[in-house]
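# Need the 3D shape of this:
(chains A and B)
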Amino acid sequence: MSATPAHPSTTTPEMDKAERALIDESTRIPVLLFFGSAVFWLLVGTLFALLASFKMNAPHFLDQWGWLTFGRVRPAHLNAVAYGWAAPAGIGVALWLMARLCRTPLRHSKLLICAALFWNIGILLGIFGILSGDGRSIEWLEFPNYASLMLFVAFGLIAVWAVIMFRFRQPGHVYVSQWYLLAAFLWFPWLYSTANILLNFEPIQGGAQGAVNWWYGHNALGLWFTPIGLAAAYYFIPKVIGRPIHSYYLSILGFWSLALFYSWNGMHHLIGGPFPAWMVSASVVASVMMFIPVITTAINHHMTVRGNFGALKWSPTLRFTVFGAMCYTLSSVQGSLMAIPSLNKVTHFTHYTVGHAHLGLYAFFTMIMFGSMYYITPRIVGWEWPSARLIRWHFWLVAIGIGVMVVALTIGGILQGIALLDPGITFMATLDYTKPWLLLRSGSGILLTAGHIVFAVSFTLLLLKAGSKRTEPTLFGSDQGRKPESLVP
Amino acid sequence: MNAIVYILLAAGLVFFGGSTLAAFYWAAKTGQFRNLEDGSKSIFDHDEPVGTATDAFADKTGDRPLRRGAIALNS
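As a prediction, this is how the structure comes out:
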């Protein structure tokens, strides 16, 4: 059997349009539940981020309360933004994309509503647990067991739903985004449950915990957030500019090479640690092999947008998504280089790694999620974004904010790393090198916070259908950047 | 750690590793790796064909925004 075309020639534009509208509408409640909770947790997570950052500048700031000490606020920030914001935003985008790509209205929405409830209760319990001193000292898995169980149930429900949706899809080609989404939906519950069992429920012994910890920590980024981010980029970039992906062959190669190499990467966090050399070496090799999926994706996205960069002037979705796609390349190349032991010696245990994490999870993933939400939300609510000015403010605040943060932490981290390697410099003196850069980081945090508030206001106004109904999409400026129709062959 | 947990984890490894291989086999067998040119166009339809920018939304009443512009298709 060979794949049949997705849209048989028997359909008319009106039929296609009605089908698309029906599918979009069917996703409304579950997708909005995930988007709404994501925006809420984004604000909460940002507040924790600011607090944690300020404590780097003034260590005694708000330390009279145990629940606001750095050791609790920092994991509360990580978990609120990773599991509270990034994951639900990604799930919302993935649900909508699955329905569109399967070309079938969303089925079993109650399953997803249940998952959203479990999810939010899990995050609430988890954050509360961390703040009250119940958190675990395992990075990326700080939530206490009662919270991670809730998240696992939610993940499981969503995975079951994804399989059902795929089973009932319209016949035809399985687009590359769908491969990424299915992989994310199936891999993550397994990753999450295995890591939790081996670290929290039936803990394994000693050093092996470190291996499991980073197998999970890195794969959460690589096999959960990355596939969802790339699935969105592979859909929205061609869709917005109306041009198929440059090389579909490369996109397929990119997916399967990611599937092959990424899960080996985690051990590069343990370079120099008490682990068998082969584990670390295999991971370093796999990290360098990641150049294959990364370069294929970079070529593909660049060549698809080439000739249409003017569209970045008017399309909010494209501007955020292309920014994110570019940062995917940057952050992945940086990640592969950081796995090389001679460089890792300098950057490990410094703020450089924190800058890299933000380049990946924020500049890449979060920006693509913002772009996707700008495309999806008006279509499922049936109402346009209230103001192009708010979107513009949102973009520039967060783009400049994350840019400054990554640069500050990168420079500060390198200085810190070089100082740490110098036996003539005391540990306390190494910290002095980081102070101005940490101050700059707090400044960038204020910009990001302002950007998130603008986004939350814009999102709320849209949900409330504030103002008069717009008959045109909210784009930046006028038709500038669009090519005249005569150019189309 | 008890044996049941080990068995469960090993079963998970076999199941998820196996399902990835099975998916690859299925994709090759059902022609997903053929006609890639057509595959890349599967996100377009007759209402939003190749060559039409779509950062606008359609609703059921049909008051579709009119700002769907044409874009350059040169390579």
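# what does the lowest-mean-pLDDT helix or strand in chain B contact?
Here the helix or strand of chain B ranked lowest by mean pLDDT, DSSP states H and E is helix B:36-40, holding a mean of 84. Around helix B:36-40, the neighbours that count as contacts under Cβ atoms under 8 Å, 6 or more residues apart in numbering or on different chains are A:3, A:5, A:173, A:175-176, A:238, A:244-245, A:248-249, A:251-252, B:32. C-beta here means a position set from N, CA and C on the backbone, and glycine is covered the same way.
# Buried residues, that helix. List them.
Within helix B:36-40, the residues that count as buried by 16 or more other Cβ atoms under 10 Å in any protein chain shown are B:Leu36, B:Asp38, B:Gly39, B:Ser40.
# what ranges do the helices span in the stretch 101-250 of chain A?
Ranges of helices within the stretch 101-250 of chain A are A:109-131, A:145-167, A:176-196, A:208-220, A:226-241, A:248-261, based on DSSP state H, counting those that start in this stretch.
# Would you mind writing the ChimeraX command to select the buried ones in the contacts of helix B:36-40?
Buried members of the contacts of helix B:36-40, defined by 16+ other Cβ under 10 Å, are picked up in ChimeraX with:
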select /A:3,173,175,176,238,244,245,248,249,251,252 /B:32
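# Among the contacts of helix B:36-40, which one lies nearest to A:Ala87?
Within those, the smallest distance to A:Ala87 is 21.7 Å, found for A:Val176 (Cβ to Cβ).
# List just the nearest of the buried residues of helix B:36-40 to A:Leu43.
Nearest member of those to A:Leu43, counting by Cβ to Cβ, is B:Ser40, at 38.1 Å.
# For the most centrally placed residue in chain A, give me its contacts.
Central residue check for chain A by Cα atoms, centre = their mean: the C-alpha nearest the mean position is that of A:Phe365, 3.1 Å away. Residues near A:Phe365 by Cβ under 8 Å, 6+ apart: A:Ala86, A:Gly90, A:Phe225, A:Thr226, A:Ile228, A:Gly229, A:Gly324.
# buried stuff in stretch A:360-373?
Across stretch A:360-373, burial judged by 16+ other Cβ under 10 Å covers A:360-373.
# make that stretch A:52-72, sorry
Under 16+ other Cβ under 10 Å, the buried positions of stretch A:52-72 are A:Ala52, A:Ser53, A:Phe54, A:Lys55, A:Met56, A:Leu68, A:Phe70, A:Arg72.
# Need the pLDDT of residue 57.
Going with chain A. As predicted, A:Asn57 sits at a pLDDT of 95.
# wrong one, chain B
pLDDT at B:Phe57 comes out at 36.
# And the one 10 residues further on, by the same measure?
At B:Arg67 the predicted local distance difference test score is 38.
# need the longest helix for chain B.
Among all segments of chain B classified by DSSP state H, the helix with the greatest residue count is helix B:3-29.
# Mind giving me the packing neighbours of that helix?
The helices and strands touching helix B:3-29, judged by 3 or more Cβ pairs under 8 Å, 6 or more residues apart in numbering or on different chains; DSSP states H and E, are helix A:176-196.
# Could I get the average pLDDT for the helix it packs on?
92.
# tell me what it is packed against?
helix A:87-102, helix A:145-167, helix A:208-220, helix A:226-241, helix A:248-261, helix B:3-29.
# got any ranges where the chain has weak pLDDT?
No chain specified, so I'll use chain A. Filtered on pLDDT under 70, chain A yields the residue ranges A:1-9, A:470-489.
# I was thinking of chain B, sorry if that wasn't clear
In chain B, residues with pLDDT under 70: B:1, B:56-75.
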